[in-house]
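>>> coords please:
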Amino acid sequence: MQIGRWNHQSGNSHSSSDRSGSSSRPHSARPYSPRPSGSGYGSSSGPRRFGGDRGPSRGGFGSRGGFGGSHGRSGGARRGGFGTFGETEAEISKFMNKTVVTTSEPVFVPEHTFADFDINPNLKKNIAAKKYEVLTPIQDKAIPHALLGQDVVGLAETGTGKTAAFLIPLIDKVMKQKGERVLIMAPTRELAVQIEHELAGFAKGLGFRGMVAVGGANIGPQISQLKHDPAFVIGTPGRLKDLMERKALNLSGFGTVVLDEADRMLDMGFIDDMRSILGKMRKERHTLFFSATMGKDIEKLIGDFLTSPVIISVKTRDTPSSVDQDVVRIPRGKDKFDVLAEMLKDREFSRVLVFGRTKFGVEKLAKALSRLHIHAESIHGNKTQSARQRALEAFKAGKVSVLVATDVAARGIDIPAVSHVINYDLPSTYEDYVHRIGRTGRATLKGKALTFVQGR
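Model prediction:
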């Protein structure tokens, strides 16, 4: 087994590779002016799929009965065709980036404090109770514009506090403007639940309701909650549209909308649902748009959905500097399941998120690891919402050491102290890779990301 030029026994890095595919961009806040785009989007990104799973379950087993398949073109949709990212040496090089630094990175000093903002005093108390003390770059730059009612496009690396950047000003808005209602769209059930959890903390005792509308859960209780006219409705586009079609959700009274991880919603084929939903809101609306990546399709989306937005980019690189990245080259004839199982027996791999391409492969992999007494759970689109939440909670609580997931878990899920991310199957795109490895090395912690590459 060869892990880049990494010595698996000692864990020491000797790689001279420093190619992360990252780009350096200064902090900025400027009016958005869309560039002409030659590529349309419409419904070209494919059919809507709940949970972020990319296509049918194809293959997933090696010739020796293990899990050596799912390599190469195993059913993951990527823009412009089918395939995976990491099929050439140039692409593989982007999976390698050592975090050994000889000079310290500049420390961000925010311009504001939470006390500076003209927001409700009780909201300030809840912010303090949640131990929010120093603003992150995206919070520092975005909150002032959102408080002014401006449309905002916020671009920031994953795990940088984007949720608070939109919740804090919008909670204050709901408290100051009687009858104001907010719609938040997110690509996955887990991200929607995570946003609602954050909302509950910030809004504790402030006298208004929020609710989650996601697939995989009984729609009846969601319909009942909507009868109470919650100030915040947080949901996935597919379930929101279902509720609208059942006449349970009327958006004509909603004047504010957040599109969180909008690039992922576009990739998952939600564009038509998003257009339909936004078309039912008030024409004069306040729109906040948050994402970790920006492409031409996203620029077109911004131009269509937002009015004279301020675009704020606090991205300095594509992949976090806190994550040590390397590849695991699987020799020809070697079953990669055996390599994975050997790795996971090392105590260094204390809380591991393993990414697979298909729902079928992920489920089989988790069960096979469990048979080897490696405590593993799975999370994918075929599981009910309650089962997915139980798996996440068990992983967060340390009851299982390995969570095997499709890309459903790559966006917006805040799992503390993930020691390793392992890309057991190659991601469909580089953007997917960025979001996968963003699950480790969060806050002040360091993390490691390893990508399995079949022998060439």
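
>>> Check which helix or strand residue 326 maps to.
strand 323-330 (DSSP states H and E).

>>> Leaving out chain neighbours, which residue sits closest to residue 195?
What sits nearest to residue 195 in space, not counting adjacent residues and going by Cβ to Cβ, 6 or more residues apart in numbering, is residue 234, at 5.1 Å. Bear in mind the C-beta positions are built from the backbone N, C-alpha and C, glycine included.

>>> now do residue 140
Leaving aside its chain neighbours, residue 140 sits nearest to residue 110 (4.0 Å; criterion: Cβ to Cβ, 6+ apart).

>>> Residue 388 too?
With Cβ to Cβ, 6+ apart as the criterion, residue 388 has its nearest non-adjacent residue at 5.1 Å, and that residue is residue 379.

>>> Quick check: the one you found vs residue 450, distance?
With distances defined as Cβ to Cβ, to the nearest Å, the gap from residue 379 to residue 450 amounts to 19 Å.

>>> Please apply the same query to residue 92.
With Cβ to Cβ as the criterion, residue 92 and residue 450 are 12 Å apart.

>>> higher neighbour count, the two?
Set side by side, residue 92 and residue 450 show unequal neighbour counts under other Cβ atoms under 10 Å, the larger going to residue 450 at 25 against 19.

>>> ok so, going back, the residue nearest to residue 195: neighbouring residues, count only.
Other residues within reach of residue 234, judged by other Cβ under 10 Å, total 28.

>>> List the neighbouring strands of the host helix or strand of it plus their orientation.
Under DSSP H and E, the secondary-structure element containing residue 234 is strand 232-235. Strand 232-235 sits in its sheet next to strand 182-185 (parallel), strand 210-213 (parallel), going by DSSP bridges.

>>> got CSV for the ones you listed, with distance to residue 422, mean pLDDT and mean neighbour count too?
Conversion of those to CSV gives the following (distance: least, Cβ to Cβ, whole Å; pLDDT from 0 to 100; neighbours: other Cβ atoms under 10 Å):
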stretch, distance to residue 422, mean pLDDT, mean neighbour count
strand 182-185, 30, 98, 24
strand 210-213, 30, 96, 23
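
>>> Throw those strands into a markdown table and include distance to residue 116, thanks.
Below are these laid out as a markdown table (distance: least, Cβ to Cβ, whole Å):
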| stretch | distance to residue 116 |
| --- | --- |
| strand 182-185 | 23 |
| strand 210-213 | 26 |
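
>>> Looking at those, which is nearest to residue 430?
Closest approach to residue 430 among those is made by strand 182-185 (24.1 Å; Cβ to Cβ).

>>> So which residues make contact with that closest one?
Contacts of strand 182-185 from elsewhere in the structure, counted by Cβ atoms under 8 Å, 6 or more residues apart in numbering, are 166, 170, 173-174, 192, 195, 231-237, 240, 251, 254, 256-260, 265, 274, 277, 281.

>>> of those, buried ones?
Neighbour counting over these (16 or more other Cβ atoms under 10 Å) leaves 166, 170, 173-174, 192, 195, 231-237, 240, 251, 254, 256-260, 265, 274, 277, 281 as the buried ones.

>>> Confirm residue 288 sits in a strand?
Yes: applying DSSP: H, G, I helix; E, B strand; the rest coil, one finds residue 288 inside a strand.

>>> That one and residue 274, how far apart?
From residue 288 over to residue 274 the distance is 14 Å, taken as Cβ to Cβ.

>>> Quick check: residue 180 touching residue 232?
No: Residue 180 lies out of contact with residue 232 (Cβ atoms under 8 Å); the separation is 10.1 Å.

>>> Look up the residues that both of the two are in contact with.
Shared contacts of residue 180 and residue 232 (Cβ under 8 Å, 6+ apart): residue 174.

>>> quick one, phi/psi of residue 186?
With angles defined as degrees, to the nearest 10, residue 186 shows backbone torsions of phi -130, psi 150.

>>> Tell me the pLDDT of it.
Note for residue 186: predicted pLDDT of 94.

>>> ok, it - contacts?
The contact partners of residue 186, by Cβ under 8 Å, 6+ apart, come to 192, 195, 234, 235, 236, 260, 261, 265, 412.

>>> Also residue 243?
With Cβ under 8 Å, 6+ apart as the criterion, the residues that contact residue 243 are 213, 219, 222, 223, 226, 235, 249.
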